[in-house]
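In: my questions are about this predicted structure, shown below with the sequence.
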Amino acid sequence: MTLERWRRITEWPLIVASVLFLVAYSIQVIVDPRGAIGAFLEDLLWVSWGTFLLDYIVSLVLAPRRWHWFLTHLFNLATVVLPMLRPLRVLRVITLLAVLQRTAGRAVRGQIVIYVTSATLLLVYVASLAVLDAERAGGGSITTFGDAIWWAFATITTVGYGDLAPITLEGRVIAVGLMLSGIALLGVISATFASWIVEQVSAENTSRQAATVAHVDALRSEIAELRAVLATIEPRIPSAETAQTATSSDGPDPLPSTR
């Protein structure tokens, strides 16, 4: 089995595992259930983590250049070796973005915009969960999900009002990642807008060039038609020598001489 085939096979299972993890983690952080429900959600989180771990190991084994694949997928490694840090476990859901990104490279601009928008909203949501989980346990000022959402939007847009700020190490790590994501998002939006402008200008130039070529072709056709008309008329027009000869032969006879 090749790595590409494995990725095609595991694409939807990883999406399902990511969604299940996101739902379980959301209930765990926002509702904070106890008893059997809390234990069930914790088991579901570990099962999803086991799915990501299996995918990482198999992908590493199937990679044709294992060391190169390992060095270029360090973030995937981080998502499977940080299960003990409760707030950073949300990194596992980034696998959902990685799976979606596999098709983004072949997508047109409109689909890329949709992908970037969806990824941004998902990133804001999971960052809100993670920072709330970290700050509430560490005695920070972010204690409600509404505050966490407000902080995430202010951070990813690089506004940073400063009314809410993480104080724990995990919360600050999440903040740094969110700020870098905001900068990357701004770059993607700028590049997409610039690409649209370049395409519009190129289309305008192409249409002008097409119009110019059409005009030249029309002029060539008219010239060809004029030449054809002249070719049919030219034999009917007598030349200058023929006209002079005809005039001489049709003129009056010379006067007789007187002797």
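Out: Cool, the structure landed.
In: ok, and the closest non-adjacent residue to Cys182?
Out: That one is not Cys; residue 182 is Gly. Closest residue to Gly182 apart from its sequence neighbours, by Cβ to Cβ, 6 or more residues apart in numbering: Ile156 at 4.0 Å. From N, CA and C alone the C-beta is placed, and that goes for glycine too.
In: surely that neighbour and Val126 touch.
Out: No. Between Ile156 and Val126 no contact is recorded; they are 11.5 Å apart, counting by Cβ atoms under 8 Å.
In: and Val29, which helix or strand is it part of?
Out: helix 3-30 (DSSP states H and E).
In: show me what the next helix or strand after that helix is packed up against.
Out: Once the chain leaves helix 3-30, the next helix or strand it forms, by DSSP H and E, is helix 35-62. Packing partners of helix 35-62 (3 or more Cβ pairs under 8 Å, 6 or more residues apart in numbering; DSSP states H and E): helix 3-30, helix 66-72, helix 74-81.
In: what mean pLDDT does whichever strand or helix holds Ala184 have?
Out: Ala184 belongs to helix 169-233 when assigned by DSSP H and E. For helix 169-233, the mean per-residue pLDDT is 75.
In: now it, how far from the chain's geometric center?
Out: 18 Å (Cα atoms, centre = their mean, to the nearest Å).
In: what packs against it?
Out: Packing partners of helix 169-233 (3+ Cβ pairs under 8 Å, 6+ apart): helix 109-138, helix 145-156.
In: okay, the angle between it and helix 145-156?
Out: Angle of helix 169-233 versus helix 145-156, following axes from the mean of the first three to the mean of the last three Cα atoms, to 10 degrees, is 50 degrees.
In: can you give me the angle helix 169-233 makes with helix 109-138?
Out: Using the same axes, to 10 degrees: helix 169-233 against helix 109-138 is 170 degrees.
In: on that earlier part again, now the helix holding Val29, how far from the centre of its chain.
Out: 22 Å.
In: which residues belonging to it are considered buried?
Out: Neighbour-count burial for helix 3-30, counted by 16 or more other Cβ atoms under 10 Å, picks out 6-7, 10, 14, 17-18, 20-22, 24-26, 28-29.
In: got it, and stretch 134-153?
Out: For stretch 134-153, a neighbour-count test (16+ other Cβ under 10 Å) marks 134-136, 140, 142, 145, 147-153 as buried.
In: give me the nearest residue to Ala63, chain neighbours excluded.
Out: Distance criterion Cβ to Cβ, 6+ apart; nearest residue to Ala63, sequence neighbours excluded, is Trp69 at 3.6 Å.
In: got the contact list for that neighbour?
Out: For Trp69, the contact set (Cβ atoms under 8 Å, 6 or more residues apart in numbering) comprises Ser59, Leu60, Ala63.
In: on that earlier part again, which two among the buried residues of stretch 134-153 are spaced furthest apart?
Out: Greatest spatial distance among these (Cβ to Cβ): Arg136 and Phe153, at 18.8 Å.
In: can you put the helices and strands packed on helix 35-62 in a markdown table and add mean pLDDT?
Out: Formatted as a markdown table, these follow (pLDDT from 0 to 100):
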| stretch | mean pLDDT |
| --- | --- |
| helix 3-30 | 85 |
| helix 66-72 | 89 |
| helix 74-81 | 75 |
